[in-house]
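**Student:** using only what follows, build the 3D model:
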Amino acid sequence: MEQFKGTTVTGVRRNGVTALAADGQVTFGTAVMKDTARKILKLRDGSVIVGFAGAVADAQTLSERFEGKLDEYNGNLPRAAVELAREWRTDKYLRRLESMLLAGDKDHLLLISGSGEVIQPDGDIAAIGSGAGYALAAARVLSKHTDLDAPSIAEEALQIASTICIYTNDNITVETVK
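**Tutor:** Predicted coordinates for the structure are as follows:
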């Protein structure tokens, strides 16, 4: 059975700002079903941002669970991420979910996966989804060779990925936390 999926989300932390950028494309098999999806959510009154890649319903379920963990641990992003990953890995229902999350606050950028990983990336740059490799490479180069701020790097990296990855479009949303 085919699922709605395919996206790219890039996260960049620079000079006290965390930015996530995501494209707006949703695919069903090989067809584009929507160009303007919002794949970044603000949680905890905007103090945490989360982007998701993978199956849409799975990502929404995980985002809701993650928000609950953030509330349970008073907005402590690393603790909430570890607890979500632990539950995701061990819960029979959650283990079947096919999605990844990229989450950030003013101090952290974390990649959270269903196999139990919570990774704080080197260089404060991460990407998930179908165009992750392209966006990650572009963001690293931009970070190293320009003075662009975090939101600009994240957006430009997605623009570059959208010219390469067929599951990534150039309808980009950027959210930040300072």
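**Student:** from here on, just use CA atoms for contacts and neighbour counts.
**Tutor:** OK.
**Student:** hmm, residue 140 and residue 125 touching each other?
**Tutor:** Yes - at 7.0 Å, residue 125 counts as touching residue 140 under the criterion of CA atoms under 8 Å.
**Student:** if you count what's nearby, which of these two comes out ahead?
**Tutor:** Neighbour comparison, residue 125 and residue 140: the larger count goes to residue 125, with 26 against 18 (by other CA atoms under 10 Å).
**Student:** list the residues that contact that one.
**Tutor:** Going by CA atoms under 8 Å, 6 or more residues apart in numbering, residue 125 touches 10, 11, 12, 13, 109, 136, 139, 140.
**Student:** in strands, which of those residues appear?
**Tutor:** Taking DSSP state E, the ones among the contacts of residue 125 that sit in strands are 10, 11, 12, 13, 109.
**Student:** surely the fourth one and residue 122 touch.
**Tutor:** No - in this structure, residue 13 sits apart from residue 122 without contact. The criterion is CA under 8 Å, and the distance is 10.6 Å.
**Student:** neighbour count winner among these two?
**Tutor:** residue 13 (28 against 8).
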